[in-house]
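> Have a look at this prediction, sequence included:
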Amino acid sequence: MEYRMVTEGSTTFAAPVQDENTQFPPGTAPVFYNTKMEFNRDMTVLLLSHLKPAEYLDSMAATGVRGLRVAHETGTPVIINDRDSAAVAMIEENAKLVGGDISVTCDDANRMMCGKYFDAIDLDPFGTPAPFFDAASRAARHYLFVTATDTAPLCGAHLKAGIRRYFATPKNTEYHAEVGLRMMMGAMAKELVKYDRGMEPILSFARNHYFRSHVRILNRVTGADATMGQIGFVMQCPKCLYRAEQKGSLLPKFHVCPYCGAETEPIGPLWMGSLQDKEIVASMIETLPTMQFGTAKQMDKVLRLLLAEPDVCTFYDYHVISRNIRVSPPPMDEMIAGLNELGYYTVRTHFSVTGIKTSAPLPVIEEWIAAWNEKLGLP
Ligand SMILES: C[S@@+](CC[C@H](N)C(=O)[O-])C[C@H]1O[C@@H](n2cnc3c(N)ncnc32)[C@H](O)[C@@H]1O
Ligand SMILES: [Zn+2]
(Lines give C-alpha, C1' and ligand atoms only; values in the text may rest on other atoms or scores of the structure.)
(Ligands and ions follow the chains in the order given, each with its own letter.)
Protein backbone atom coordinates (compact mmCIF):
# COMPACT_ATOMS: atom_id res chain seq x y z
CA MET A 1 0.00 0.00 0.00
CA GLU A 2 1.34 3.42 -0.92
CA TYR A 3 1.65 5.62 2.15
CA ARG A 4 2.79 9.06 3.19
CA MET A 5 3.97 10.47 6.49
CA VAL A 6 1.55 12.77 8.29
CA THR A 7 1.92 14.83 11.46
CA GLU A 8 -1.04 15.56 13.71
CA GLY A 9 -0.45 17.24 17.06
CA SER A 10 3.11 16.20 17.88
CA THR A 11 2.74 12.67 16.42
CA THR A 12 4.12 11.58 13.06
CA PHE A 13 2.65 8.42 11.51
CA ALA A 14 2.04 6.69 8.18
CA ALA A 15 -1.32 7.11 6.42
CA PRO A 16 -2.40 5.71 3.05
CA VAL A 17 -2.02 7.93 0.03
CA GLN A 18 -5.49 8.83 -1.12
CA ASP A 19 -6.64 11.37 -3.61
CA GLU A 20 -8.83 13.77 -1.63
CA ASN A 21 -10.78 14.51 -4.82
CA THR A 22 -11.30 10.89 -5.76
CA GLN A 23 -14.77 9.77 -6.77
CA PHE A 24 -14.48 7.05 -4.09
CA PRO A 25 -15.43 8.10 -0.57
CA PRO A 26 -12.55 7.68 1.93
CA GLY A 27 -14.52 4.81 3.54
CA THR A 28 -13.65 2.62 0.54
CA ALA A 29 -9.87 3.13 0.86
CA PRO A 30 -8.00 0.03 2.09
CA VAL A 31 -7.16 1.83 5.34
CA PHE A 32 -9.22 4.81 6.31
CA TYR A 33 -7.75 8.19 7.17
CA ASN A 34 -9.82 11.36 7.22
CA THR A 35 -7.98 14.65 7.67
CA LYS A 36 -11.34 16.34 8.43
CA MET A 37 -11.41 14.47 11.77
CA GLU A 38 -8.23 16.10 13.06
CA PHE A 39 -10.28 18.52 15.18
CA ASN A 40 -12.19 15.61 16.70
CA ARG A 41 -8.93 13.81 17.56
CA ASP A 42 -7.30 17.02 18.86
CA MET A 43 -10.21 17.49 21.29
CA THR A 44 -9.90 13.92 22.58
CA VAL A 45 -6.13 14.25 23.06
CA LEU A 46 -6.54 17.51 24.98
CA LEU A 47 -9.31 16.00 27.12
CA LEU A 48 -7.28 12.87 27.86
CA SER A 49 -4.35 14.99 29.00
CA HIS A 50 -6.74 16.02 31.80
CA LEU A 51 -8.49 12.72 32.50
CA LYS A 52 -5.42 10.47 32.53
CA PRO A 53 -7.27 7.12 32.36
CA ALA A 54 -5.44 3.93 33.36
CA GLU A 55 -5.74 2.69 29.78
CA TYR A 56 -7.47 3.67 26.55
CA LEU A 57 -8.95 1.32 23.95
CA ASP A 58 -9.07 2.69 20.42
CA SER A 59 -11.48 -0.04 19.33
CA MET A 60 -11.82 0.88 15.62
CA ALA A 61 -8.53 2.44 14.77
CA ALA A 62 -7.82 2.22 10.97
CA THR A 63 -4.30 3.80 10.79
CA GLY A 64 -4.30 3.91 14.60
CA VAL A 65 -3.89 7.69 14.57
CA ARG A 66 -6.19 8.30 17.53
CA GLY A 67 -4.60 5.73 19.83
CA LEU A 68 -1.09 6.61 18.64
CA ARG A 69 -1.68 10.24 19.48
CA VAL A 70 -3.19 9.44 22.88
CA ALA A 71 -0.14 7.29 23.73
CA HIS A 72 2.43 9.75 22.42
CA GLU A 73 0.85 13.05 23.48
CA THR A 74 -0.70 12.14 26.85
CA GLY A 75 1.45 9.21 28.02
CA THR A 76 -1.65 7.00 28.46
CA PRO A 77 -1.21 3.22 27.91
CA VAL A 78 -3.29 2.31 24.84
CA ILE A 79 -4.70 -0.74 23.11
CA ILE A 80 -5.23 -0.13 19.40
CA ASN A 81 -7.61 -2.47 17.57
CA ASP A 82 -9.14 -2.96 14.16
CA ARG A 83 -10.82 -6.01 12.67
CA ASP A 84 -9.21 -5.37 9.29
CA SER A 85 -5.81 -7.04 8.79
CA ALA A 86 -4.49 -4.35 6.41
CA ALA A 87 -5.31 -1.72 9.03
CA VAL A 88 -3.61 -3.77 11.74
CA ALA A 89 -0.44 -4.12 9.63
CA MET A 90 -0.32 -0.34 9.32
CA ILE A 91 -1.05 0.15 13.04
CA GLU A 92 1.83 -2.20 13.93
CA GLU A 93 4.27 -0.26 11.78
CA ASN A 94 3.00 3.01 13.22
CA ALA A 95 3.26 1.71 16.80
CA LYS A 96 6.95 0.84 16.21
CA LEU A 97 7.55 4.28 14.75
CA VAL A 98 5.77 6.27 17.46
CA GLY A 99 6.78 4.15 20.46
CA GLY A 100 5.17 4.37 23.88
CA ASP A 101 2.94 1.96 25.80
CA ILE A 102 0.97 0.53 22.85
CA SER A 103 -0.48 -2.94 22.26
CA VAL A 104 -2.10 -3.79 18.94
CA THR A 105 -4.93 -6.29 18.40
CA CYS A 106 -6.95 -7.55 15.41
CA ASP A 107 -10.45 -8.39 16.56
CA ASP A 108 -14.09 -7.50 16.19
CA ALA A 109 -14.76 -4.63 18.62
CA ASN A 110 -17.90 -6.24 20.05
CA ARG A 111 -16.15 -9.55 20.65
CA MET A 112 -13.19 -7.75 22.17
CA MET A 113 -15.35 -5.83 24.63
CA CYS A 114 -17.12 -9.01 25.73
CA GLY A 115 -16.02 -10.13 29.19
CA LYS A 116 -13.09 -7.70 29.26
CA TYR A 117 -12.79 -4.26 30.85
CA PHE A 118 -10.99 -1.13 29.74
CA ASP A 119 -10.69 2.12 31.68
CA ALA A 120 -11.63 4.25 28.67
CA ILE A 121 -13.20 3.04 25.42
CA ASP A 122 -13.44 4.94 22.16
CA LEU A 123 -16.00 3.99 19.48
CA ASP A 124 -15.23 5.52 16.09
CA PRO A 125 -16.98 3.39 13.43
CA PHE A 126 -18.12 4.21 9.92
CA GLY A 127 -21.62 5.63 10.42
CA THR A 128 -23.61 4.55 13.44
CA PRO A 129 -22.03 3.51 16.76
CA ALA A 130 -25.35 2.04 17.98
CA PRO A 131 -24.40 -1.66 17.45
CA PHE A 132 -21.46 -1.19 19.85
CA PHE A 133 -23.27 0.56 22.72
CA ASP A 134 -24.31 -2.62 24.53
CA ALA A 135 -20.83 -4.20 24.77
CA ALA A 136 -19.17 -0.84 25.50
CA SER A 137 -21.68 -0.16 28.30
CA ARG A 138 -20.38 -3.24 30.10
CA ALA A 139 -16.71 -3.02 29.19
CA ALA A 140 -15.96 0.66 29.91
CA ARG A 141 -14.85 1.11 33.51
CA HIS A 142 -14.72 4.91 33.75
CA TYR A 143 -15.02 6.60 30.36
CA LEU A 144 -16.82 6.10 27.08
CA PHE A 145 -16.13 8.24 24.00
CA VAL A 146 -18.35 8.00 20.92
CA THR A 147 -18.39 9.44 17.39
CA ALA A 148 -21.45 9.11 15.14
CA THR A 149 -21.26 10.11 11.48
CA ASP A 150 -24.79 8.99 10.56
CA THR A 151 -26.09 12.54 10.76
CA ALA A 152 -29.03 11.96 8.38
CA PRO A 153 -30.73 9.36 10.63
CA LEU A 154 -29.92 11.39 13.77
CA CYS A 155 -31.27 14.64 12.37
CA GLY A 156 -34.55 13.34 11.03
CA ALA A 157 -33.59 13.24 7.34
CA HIS A 158 -33.69 9.41 7.34
CA LEU A 159 -36.45 9.04 9.89
CA LYS A 160 -36.91 5.26 10.00
CA ALA A 161 -33.16 4.54 10.21
CA GLY A 162 -32.93 7.01 13.12
CA ILE A 163 -35.78 5.34 14.99
CA ARG A 164 -34.36 1.84 14.43
CA ARG A 165 -30.82 2.66 15.52
CA TYR A 166 -31.51 4.96 18.44
CA PHE A 167 -35.05 3.99 19.46
CA ALA A 168 -36.05 7.64 19.39
CA THR A 169 -37.93 9.90 16.99
CA PRO A 170 -36.04 12.89 15.65
CA LYS A 171 -37.58 15.76 13.71
CA ASN A 172 -36.09 17.98 11.07
CA THR A 173 -36.20 21.33 12.88
CA GLU A 174 -33.82 24.30 12.71
CA TYR A 175 -32.14 22.90 15.85
CA HIS A 176 -31.75 19.36 14.42
CA ALA A 177 -27.99 19.34 15.12
CA GLU A 178 -28.69 19.48 18.85
CA VAL A 179 -31.44 16.88 18.60
CA GLY A 180 -28.99 14.55 16.80
CA LEU A 181 -26.35 14.87 19.52
CA ARG A 182 -28.91 14.46 22.32
CA MET A 183 -30.52 11.49 20.58
CA MET A 184 -27.18 9.69 20.31
CA MET A 185 -26.47 10.45 23.98
CA GLY A 186 -29.97 9.31 24.98
CA ALA A 187 -29.25 5.95 23.34
CA MET A 188 -25.92 5.70 25.21
CA ALA A 189 -27.73 6.40 28.50
CA LYS A 190 -30.39 3.78 27.74
CA GLU A 191 -27.75 1.07 27.25
CA LEU A 192 -25.87 2.01 30.42
CA VAL A 193 -28.85 2.17 32.78
CA LYS A 194 -29.89 -1.41 32.07
CA TYR A 195 -26.60 -2.44 33.71
CA ASP A 196 -27.36 -0.18 36.70
CA ARG A 197 -24.75 2.27 35.47
CA GLY A 198 -25.09 5.92 34.55
CA MET A 199 -23.27 8.66 32.69
CA GLU A 200 -22.08 12.22 33.17
CA PRO A 201 -21.08 14.07 29.98
CA ILE A 202 -17.66 15.71 30.04
CA LEU A 203 -17.32 17.09 26.50
CA SER A 204 -19.92 16.82 23.72
CA PHE A 205 -20.38 18.65 20.45
CA ALA A 206 -21.77 18.53 16.94
CA ARG A 207 -19.64 19.46 13.96
CA ASN A 208 -20.12 19.37 10.17
CA HIS A 209 -20.77 15.72 9.51
CA TYR A 210 -20.54 14.11 12.94
CA PHE A 211 -21.49 14.07 16.62
CA ARG A 212 -19.01 13.44 19.42
CA SER A 213 -19.55 12.79 23.10
CA HIS A 214 -17.15 11.91 25.92
CA VAL A 215 -18.86 10.68 29.09
CA ARG A 216 -17.80 9.60 32.56
CA ILE A 217 -19.41 6.34 33.67
CA LEU A 218 -21.23 6.27 37.01
CA ASN A 219 -20.91 2.86 38.61
CA ARG A 220 -23.78 2.98 41.10
CA VAL A 221 -27.53 2.41 40.94
CA THR A 222 -28.01 5.98 42.18
CA GLY A 223 -26.00 7.14 39.16
CA ALA A 224 -28.20 5.05 36.87
CA ASP A 225 -31.34 6.56 38.42
CA ALA A 226 -29.93 10.07 38.05
CA THR A 227 -29.20 9.29 34.39
CA MET A 228 -32.78 8.08 33.83
CA GLY A 229 -33.90 11.40 35.31
CA GLN A 230 -32.16 13.23 32.47
CA ILE A 231 -34.11 11.50 29.72
CA GLY A 232 -37.00 13.40 28.19
CA PHE A 233 -38.67 14.97 25.18
CA VAL A 234 -38.74 18.29 23.39
CA MET A 235 -42.36 19.12 22.59
CA GLN A 236 -42.33 21.00 19.28
CA CYS A 237 -45.28 22.95 17.89
CA PRO A 238 -45.76 21.90 14.24
CA LYS A 239 -47.22 25.31 13.33
CA CYS A 240 -44.92 27.83 15.03
CA LEU A 241 -41.46 27.93 16.63
CA TYR A 242 -42.69 27.21 20.18
CA ARG A 243 -41.08 24.29 21.95
CA ALA A 244 -41.00 23.04 25.55
CA GLU A 245 -38.88 20.51 27.43
CA GLN A 246 -40.44 17.61 29.34
CA LYS A 247 -38.40 15.16 31.38
CA GLY A 248 -39.50 11.54 31.76
CA SER A 249 -39.08 8.35 29.77
CA LEU A 250 -42.77 7.92 28.97
CA LEU A 251 -44.30 9.75 26.05
CA PRO A 252 -45.62 13.06 27.45
CA LYS A 253 -49.34 13.65 27.67
CA PHE A 254 -51.27 15.78 25.21
CA HIS A 255 -49.65 19.21 25.19
CA VAL A 256 -50.91 22.30 23.41
CA CYS A 257 -48.86 25.22 22.09
CA PRO A 258 -49.65 28.24 24.29
CA TYR A 259 -49.08 30.60 21.33
CA CYS A 260 -51.13 29.06 18.52
CA GLY A 261 -53.14 26.23 20.12
CA ALA A 262 -51.75 23.43 17.91
CA GLU A 263 -51.01 20.05 19.46
CA THR A 264 -47.24 19.74 20.03
CA GLU A 265 -45.22 16.79 18.72
CA PRO A 266 -42.67 14.90 20.84
CA ILE A 267 -39.04 14.65 19.72
CA GLY A 268 -37.11 11.97 21.59
CA PRO A 269 -36.47 10.39 23.98
CA LEU A 270 -33.34 12.55 24.22
CA TRP A 271 -30.58 13.19 26.72
CA MET A 272 -31.83 16.38 28.43
CA GLY A 273 -28.96 16.82 30.89
CA SER A 274 -25.89 18.96 30.55
CA LEU A 275 -23.51 18.28 27.65
CA GLN A 276 -20.27 19.34 29.34
CA ASP A 277 -18.36 19.25 32.57
CA LYS A 278 -17.74 23.00 32.60
CA GLU A 279 -14.81 22.79 35.05
CA ILE A 280 -12.96 20.47 32.70
CA VAL A 281 -13.84 22.58 29.65
CA ALA A 282 -12.45 25.67 31.46
CA SER A 283 -9.19 23.91 32.28
CA MET A 284 -8.94 22.62 28.70
CA ILE A 285 -9.09 26.24 27.51
CA GLU A 286 -6.30 27.10 29.94
CA THR A 287 -3.94 24.28 28.93
CA LEU A 288 -4.68 24.41 25.19
CA PRO A 289 -1.80 26.85 24.44
CA THR A 290 0.70 24.58 26.22
CA MET A 291 0.14 21.72 23.74
CA GLN A 292 0.62 21.41 20.00
CA PHE A 293 -2.57 21.15 17.93
CA GLY A 294 -3.16 21.76 14.23
CA THR A 295 -6.70 22.97 14.95
CA ALA A 296 -5.89 24.98 18.11
CA LYS A 297 -7.68 28.10 16.86
CA GLN A 298 -10.94 26.29 16.13
CA MET A 299 -10.63 24.34 19.39
CA ASP A 300 -10.34 27.53 21.42
CA LYS A 301 -13.37 29.01 19.67
CA VAL A 302 -15.56 25.92 20.15
CA LEU A 303 -14.47 25.33 23.76
CA ARG A 304 -15.38 28.92 24.68
CA LEU A 305 -18.81 28.51 23.06
CA LEU A 306 -19.35 25.22 24.92
CA LEU A 307 -18.36 26.84 28.21
CA ALA A 308 -20.89 29.65 27.78
CA GLU A 309 -23.84 27.57 26.53
CA PRO A 310 -26.61 27.25 29.14
CA ASP A 311 -28.28 23.92 29.84
CA VAL A 312 -31.29 24.33 27.56
CA CYS A 313 -31.95 21.55 25.07
CA THR A 314 -32.70 23.59 21.95
CA PHE A 315 -31.66 26.84 20.31
CA TYR A 316 -33.37 29.42 18.11
CA ASP A 317 -32.22 30.38 14.66
CA TYR A 318 -32.70 34.15 14.57
CA HIS A 319 -32.91 34.16 10.77
CA VAL A 320 -35.82 31.71 10.97
CA ILE A 321 -37.55 33.83 13.64
CA SER A 322 -37.08 36.99 11.55
CA ARG A 323 -38.39 35.28 8.40
CA ASN A 324 -41.40 33.98 10.33
CA ILE A 325 -42.43 37.48 11.43
CA ARG A 326 -41.49 38.86 7.98
CA VAL A 327 -38.77 41.29 9.06
CA SER A 328 -35.02 41.55 8.51
CA PRO A 329 -32.61 39.74 10.82
CA PRO A 330 -30.69 42.20 13.04
CA PRO A 331 -26.90 41.99 13.56
CA MET A 332 -26.40 39.00 15.80
CA ASP A 333 -24.14 40.60 18.42
CA GLU A 334 -26.50 43.57 18.80
CA MET A 335 -29.45 41.25 19.38
CA ILE A 336 -27.51 39.11 21.88
CA ALA A 337 -26.46 42.26 23.79
CA GLY A 338 -30.06 43.55 23.69
CA LEU A 339 -31.55 40.36 25.12
CA ASN A 340 -28.87 40.24 27.82
CA GLU A 341 -29.69 43.85 28.76
CA LEU A 342 -33.29 42.77 29.26
CA GLY A 343 -32.02 40.20 31.77
CA TYR A 344 -32.20 37.10 29.55
CA TYR A 345 -28.96 35.10 29.41
CA THR A 346 -28.24 34.84 25.68
CA VAL A 347 -25.20 33.47 23.87
CA ARG A 348 -24.14 32.11 20.50
CA THR A 349 -24.13 28.33 20.15
CA HIS A 350 -21.52 26.04 18.60
CA PHE A 351 -24.38 24.17 16.88
CA SER A 352 -25.08 26.85 14.29
CA VAL A 353 -23.67 30.21 13.16
CA THR A 354 -27.18 31.69 13.20
CA GLY A 355 -28.21 29.97 16.44
CA ILE A 356 -28.72 31.53 19.87
CA LYS A 357 -29.24 29.85 23.22
CA THR A 358 -31.33 32.05 25.42
CA SER A 359 -33.54 32.11 28.49
CA ALA A 360 -35.81 34.60 26.65
CA PRO A 361 -39.24 33.26 25.65
CA LEU A 362 -40.01 33.31 21.92
CA PRO A 363 -42.31 36.39 22.05
CA VAL A 364 -39.55 38.43 23.74
CA ILE A 365 -37.09 37.57 20.95
CA GLU A 366 -39.73 38.36 18.31
CA GLU A 367 -40.52 41.69 19.96
CA TRP A 368 -36.85 42.64 20.15
CA ILE A 369 -36.30 41.82 16.46
CA ALA A 370 -39.48 43.68 15.42
CA ALA A 371 -38.52 46.74 17.52
CA TRP A 372 -35.04 46.79 15.94
CA ASN A 373 -36.65 46.77 12.47
CA GLU A 374 -39.05 49.59 13.46
CA LYS A 375 -36.24 51.68 14.91
CA LEU A 376 -34.44 51.54 11.58
CA GLY A 377 -37.69 52.21 9.70
CA LEU A 378 -37.38 48.90 7.85
CA PRO A 379 -40.52 47.61 6.18
C1 LIG B 1 -14.00 5.49 10.79
S2 LIG B 1 -12.69 4.32 10.75
C3 LIG B 1 -11.75 4.71 12.18
C4 LIG B 1 -11.01 5.99 12.07
C5 LIG B 1 -9.95 6.22 13.11
N6 LIG B 1 -10.43 6.05 14.46
C7 LIG B 1 -9.35 7.61 12.91
O8 LIG B 1 -9.47 8.48 13.81
O9 LIG B 1 -8.78 7.86 11.83
C10 LIG B 1 -13.52 2.85 11.21
C11 LIG B 1 -12.62 1.63 11.36
O12 LIG B 1 -13.36 0.66 12.10
C13 LIG B 1 -13.06 -0.62 11.64
N14 LIG B 1 -14.20 -1.47 12.04
C15 LIG B 1 -15.47 -1.43 11.56
N16 LIG B 1 -16.23 -2.31 12.24
C17 LIG B 1 -15.44 -2.89 13.18
C18 LIG B 1 -15.66 -3.84 14.18
N19 LIG B 1 -16.86 -4.41 14.34
N20 LIG B 1 -14.63 -4.19 14.98
C21 LIG B 1 -13.39 -3.64 14.81
N22 LIG B 1 -13.12 -2.72 13.86
C23 LIG B 1 -14.13 -2.35 13.05
C24 LIG B 1 -12.88 -0.45 10.14
O25 LIG B 1 -12.04 -1.49 9.63
C26 LIG B 1 -12.23 0.93 10.06
O27 LIG B 1 -10.82 0.82 9.99
ZN1 LIG C 1 -47.52 27.07 18.05
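Right, received. Where do you want to start? Numbers count the residues shown, from 1 in each chain. Ligands and ions are numbered 1, 2, ... in the order given.
> Ends of stretch 323-331, what's the gap?
End-to-end distance for stretch 323-331: 14 Å, by Cα to Cα, to the nearest Å.
> Sorry, wrong one. I was asking about stretch 218-237.
35 Å.
> So which bits of that stretch are buried?
Neighbour-count burial for stretch 218-237, counted by 16 or more other Cβ atoms under 10 Å, picks out 218, 223-224, 226-228, 230-237. Glycine gets a C-beta too; all of them are placed from N, C-alpha and C.
> now do stretch 31-43
Here stretch 31-43 shows 31-34, 37-43 as buried, counting by 16+ other Cβ under 10 Å.
> Would you mind pulling the contact partners of that stretch?
The set of residues external to stretch 31-43 that reach it, using Cβ atoms under 8 Å, 6 or more residues apart in numbering, is 1, 6, 8-9, 15-16, 18, 20, 26, 62-63, 65-66, 69, 84, 86-87, 90, 126, 147, 203, 205, 207-210, 212, 293-296, 298-299, 302.
> Is ligand 1 within reach of stretch 113-128?
Yes: contact of stretch 113-128 with ligand 1 (Cβ under 6 Å from any ligand atom) involves 124-126.
> taking the mean pLDDT, what do you get for that stretch?
For stretch 113-128, mean pLDDT is 97.
> can you list contacts of it?
With contact meaning Cβ under 8 Å, 6+ apart, stretch 113-128 is reached by 27, 32, 44, 48, 51, 53-61, 66-67, 76, 79, 109, 129, 131-133, 135-136, 138-150, 153, 165.
> Can you say which of those residues are also within reach of ligand 2?
Filtering the contacts of stretch 113-128 for proximity to ligand 2 by Cβ under 5 Å from the ion leaves nothing.
> Show the buried residues in those residues.
32, 44, 48, 51, 53, 55-61, 66-67, 76, 79, 109, 129, 132-133, 135-136, 138-140, 142-150, 153, 165.
> Now do the same contact list for Arg243.
Applying Cβ under 8 Å, 6+ apart to Arg243 gives the contacts 173, 234-237, 264, 314.
> Quick check: of the buried residues of stretch 218-237, which lies closest to ligand 2?
Distance ranking of the buried residues of stretch 218-237 against ligand 2, using Cβ to the ion, places Cys237 first at 3.2 Å.
> Give me the distance between the closest one and His255.
Relative to His255, Cys237 is positioned 9 Å away (criterion: Cβ to Cβ, to the nearest Å).
> Common neighbours of these two, please.
Common neighbours of Cys237 and His255, using Cβ under 8 Å, 6+ apart, are Thr264.
> Let's see which of the contacts of stretch 113-128 end up in strands.
56-58, 79, 140-148 (DSSP state E).
> returning to what we had before: and ligand 1, which of the buried residues of stretch 218-237 contact it?
Applying Cβ under 6 Å from any ligand atom to the buried residues of stretch 218-237, none is adjacent to ligand 1.
> Give me the subset of these lying in helices.
223-224, 226-228 (DSSP state H).
> Mind checking which residue lies nearest the centre of the protein?
By Cα atoms, centre = their mean, the mean C-alpha position of the chain lies nearest to Arg212, the distance being 2.9 Å.
> quick one on the thing from earlier: quick check on the contacts of stretch 31-43: which are buried?
6, 8-9, 15-16, 18, 26, 62-63, 65-66, 69, 84, 87, 90, 147, 203, 205, 207, 210, 212, 293, 295-296, 299, 302.
> Keep those, but drop any that are not near ligand 1.
Among the buried ones among the contacts of stretch 31-43, proximity to ligand 1 is found for 62-63, 65-66, 84, 87 (Cβ under 6 Å from any ligand atom).
> do stretch 169-187 and ligand 2 meet at all?
No: under the criterion of Cβ under 5 Å from the ion, ligand 2 is not reached by stretch 169-187; the shortest gap measures 12.8 Å.
> can I get the buried residues of stretch 31-43 in TSV with pLDDT and distance to Ile280?
Listed next are the buried residues of stretch 31-43 as TSV, based on pLDDT from 0 to 100; distance: Cβ to Cβ, whole Å:
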residue	pLDDT	distance to Ile280
Val31	93	32
Phe32	93	29
Tyr33	95	28
Asn34	94	26
Met37	97	21
Glu38	98	21
Phe39	98	18
Asn40	98	17
Arg41	98	18
Asp42	98	16
Met43	98	12
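> Tell me the one of these nearest ligand 1?
Closest approach between the buried residues of stretch 31-43 and ligand 1, by Cβ to the nearest ligand atom: Phe32, at 4.4 Å.
> Just want the angle from the longest helix seen in the chain to strand 140-148.
Looking across the chain with DSSP H, the single longest helix is helix 176-193. Counting by axes from the mean of the first three to the mean of the last three Cα atoms, to 10 degrees, helix 176-193 lies at 150 degrees to strand 140-148.
> Kindly check the end-to-end length of stretch 153-160 for me.
Stretch 153-160: ends 7 Å apart by Cα to Cα.
> Would you mind listing the outside residues contacting that stretch?
128, 148, 151-152, 161-162, 165-166, 169-173, 176-177, 179-181, 183-184, 211.
> Contact residues of the stretch 1-150 of the chain facing ligand 1?
Counting by Cβ under 6 Å from any ligand atom, the stretch 1-150 of the chain sits next to ligand 1 at 32-34, 37, 41, 60-63, 65-66, 82-84, 87, 108-110, 124-126.
> if you set the cut-off to 8 Å instead, what comes out?
The stretch 1-150 of the chain comes close to ligand 1 at residues 27, 31-34, 37, 40-41, 58-67, 81-84, 87, 107-112, 122, 124-126, 131-132, 147, 149, as judged by Cβ under 8 Å from any ligand atom.
> Please enumerate the helices of the stretch 201-350 of the chain.
Remark: helices assigned in the stretch 201-350 of the chain by DSSP state H, counting those that start in this stretch are 221-228, 278-287, 296-308, 318-324, 332-341.
> domains of this protein?
Listed by automatic domain parsing, the domain ranges of the chain are 3-308, 316-375.
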